[in-house]
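Enquirer: Model the structure of this input:
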Amino acid sequence: MLAVPAVSDLIDPAQLWLGAFVGAQVLLVFFCAIKANAYGERALLLHAAGTLMAVLSVLALIGRQPLIPAAVLLLVPALAGLQLLDLMSHAGGLRQARRWLFATSAIVLPLVAVGAVYSDWALIGGIVLWTSVVLLLMARALRQSRPWIWWLLPALLALALASFRLAADSPPYEMDDAIWQAGLLTLWAACTYLATAWRGRILGETQARIQGRTTVDPLTGLATPLVLAERVHAARHLTRRYGHPSVLMIVHIENLGALTAEFGPEAAESAVLAAASRIRESLLRDGDVAARLTHSRMGVLAEGCAPGEASATVATRILVAGLKEPLPAARAEYLRFRIVLAAVPPEEMSPKLLMQKLNTRLDQELRAASERRIVTLSQEELIALDPPTTIR
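Expert: Here you go, the predicted structure:
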């Protein structure tokens, strides 16, 4: 009978380790490319290019090329330096260090890589220079980049060790050299990927909070006046181009002052929250937007509605919502709204001026003690109104 060789006899463990390290780097290249395209992170694209160059350096080492592995390996810290510049873009007081790192990574190392084809000392000189500049930058940016920067420290150490180890060896290179080189570069690629992903998550959450402050009112959860103004501006273009009507209305909480005087500011604040919730529930479509303008007034944009339709649907629903149930902080009191609305004019009129005009008419209704709860302005009445100098 023929003897069947064992699997361990057919597969060299050294080749398994080498394949695992190279495969991990290739997998990281795909992860970086996918995540960079999904979230628009340039640092991950640079890391994908650097990791791909690391794979090529290992392949050149396996091919027993005498000088090409050192030349290709020098391009890895060059791309890592450019990525580090992007990662440290948030840190202040590093202008000079950034210039040195950019000059070293983008200019010096590519030139040294060409020299590495002819001289073994080029790799050592380039890595010493690059490591010195990186250490200077990291020492200044350490306090401004926690906690994700701790993953960069072992990554940069592994990259430096891989470079110095290759510089210490002399061709022809053995399989052990390729395994050590691939292992150190895999450690660099994995730790840098974790640091970059962690930093991207932190910055993404920060940007989301900043955007939330500019688009969402922190008290009521409604939109901010800036968002409402942008939507009014967009609605004007729809009206002008397609005849698509939209209506802007100002909703005033009429009994807010009485609630404050009788039940205190806590009850008034609770009434504002209840008013925002009921106005939000009264909107007919997802495209409608409500924003808090002042303490007692809110703006509502109803798209796709003519003034008559908006008065009979949205405005009426808001009035009914105020009287639907008593306030939680004052069980005997209801919300009494007063609404002034007008179609968004196709003429050039800034959203701020349009809201000021509607507030002017609302002030007139309050001073006249009118019993009308919904006031619809024609385009002629809207243009004839003079805006106030201040809005209550």
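
Enquirer: Dihedrals phi and psi, Ile374?
Expert: Dihedral angles phi and psi of Ile374 (degrees, to the nearest 10) take the values phi -130, psi 120.

Enquirer: That one - how many residues pack around it?
Expert: Using other C-beta atoms under 10 Å, Ile374 has 17 other residues around it. Any C-beta I mention is one placed from the backbone N, CA and C, and that applies to glycine too.

Enquirer: what residues are up against it?
Expert: By C-beta atoms under 8 Å, 6 or more residues apart in numbering, the contact set of Ile374 is 311, 315-316, 319, 339, 341.

Enquirer: among those, which are in strands?
Expert: Cross-referencing the contacts of Ile374 against strands under DSSP state E gives 339, 341.

Enquirer: Among the contacts of Ile374, which pair sits farthest apart?
Expert: Using C-beta to C-beta, those reach their maximum pairwise distance at Leu319 and Leu341, which is 12.0 Å.

Enquirer: Neighbour count: those two, which is higher?
Expert: Residue environment comparison for Leu319 versus Leu341 gives the larger neighbour count to Leu341, 23 against 19, counting by other C-beta under 10 Å.

Enquirer: beta partners of the nearest residue to the more buried one once chain neighbours are set aside?
Expert: Sequence neighbours aside, Met249 is the residue nearest to Leu341 in space, at 3.5 Å (criterion: C-beta to C-beta, 6 or more residues apart in numbering). Here Met249 sits in beta bridges with Val300, Leu341, as judged by DSSP bridges.

Enquirer: Would you check that Met249 makes contact with Ile339?
Expert: Yes - Met249 is within contact range of Ile339, at 5.4 Å (criterion: C-beta atoms under 8 Å).

Enquirer: Give me the common contacts of these two.
Expert: In the contact map built from C-beta under 8 Å, 6+ apart, the residues linked to both Met249 and Ile339 are Ala315.

Enquirer: Gly81 reaches Ser105, doesn't it?
Expert: Yes - with contact defined as C-beta under 8 Å, Gly81 reaches Ser105; the gap is 2.9 Å.

Enquirer: Am I right that Arg372 falls within a helix?
Expert: No - secondary structure of Arg372, determined by DSSP: H, G, I helix; E, B strand; the rest coil: coil, with no helix assignment.

Enquirer: What is the burial count for it?
Expert: 11.

Enquirer: Glu254 too?
Expert: A count of nearby residues for Glu254, using other C-beta under 10 Å, gives 16.

Enquirer: Next up, phi/psi of it, please.
Expert: Per degrees, to the nearest 10, the residue geometry at Glu254, taken as phi and psi, is phi -70, psi -40.

Enquirer: Report the separation between it and Trp130.
Expert: If you measure Glu254 against Trp130 using C-beta to C-beta, to the nearest Å, the figure is 70 Å.

Enquirer: cool, and Met175?
Expert: On the measure of C-beta to C-beta, Met175 and Trp130 end up 28 Å apart.

Enquirer: Who has more neighbours out of those two?
Expert: Neighbour totals were compared for Met175 and Trp130, and Trp130 leads with 25 against 14 (other C-beta under 10 Å).

Enquirer: Where does the more buried one sit, in terms of helix or strand?
Expert: In this structure, Trp130 sits in helix 121-141 according to DSSP states H and E.

Enquirer: how about the strands in this structure?
Expert: Listed in chain order (using DSSP E), the strands of the chain are 246-253, 289-292, 297-303, 337-343, 374-377.

Enquirer: Tabulate those strands (TSV), appending distance to Ala162 and mean pLDDT.
Expert: TSV is the format used below for the strands of the chain (distance: least, C-beta to C-beta, whole Å; pLDDT from 0 to 100):
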stretch	distance to Ala162	mean pLDDT
strand 246-253	62	93
strand 289-292	55	91
strand 297-303	59	92
strand 337-343	69	93
strand 374-377	73	92
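
Enquirer: quick one: which of those strands is nearest Leu136?
Expert: Using C-beta to C-beta as the criterion, the shortest distance between Leu136 and the strands of the chain is 48.8 Å, found for strand 289-292.

Enquirer: for the stretch 201-350 of the chain, what spans make up the helices?
Expert: 225-242, 256-263, 265-282, 307-310, 316-323 (DSSP state H, counting those that start in this stretch).

Enquirer: Same question for the stretch 51-200 of the chain.
Expert: Assigned by DSSP H, counting those that start in this stretch, the helices in the stretch 51-200 of the chain fall at 68-87, 95-103, 109-116, 121-141, 152-168, 175-215.

Enquirer: Show me what the fourth one is packed against.
Expert: When contacts are defined as 3 or more C-beta pairs under 8 Å, 6 or more residues apart in numbering; DSSP states H and E, helix 121-141 packs onto helix 68-87, helix 95-103, helix 109-116, helix 152-168.

Enquirer: Export the ones you listed as TSV, with columns for distance to Trp17 and mean neighbour count.
Expert: Conversion of the helices and strands packed on helix 121-141 to TSV gives the following (distance: least, C-beta to C-beta, whole Å; neighbours: other C-beta atoms under 10 Å):
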stretch	distance to Trp17	mean neighbour count
helix 68-87	18	24
helix 95-103	33	15
helix 109-116	26	19
helix 152-168	15	19
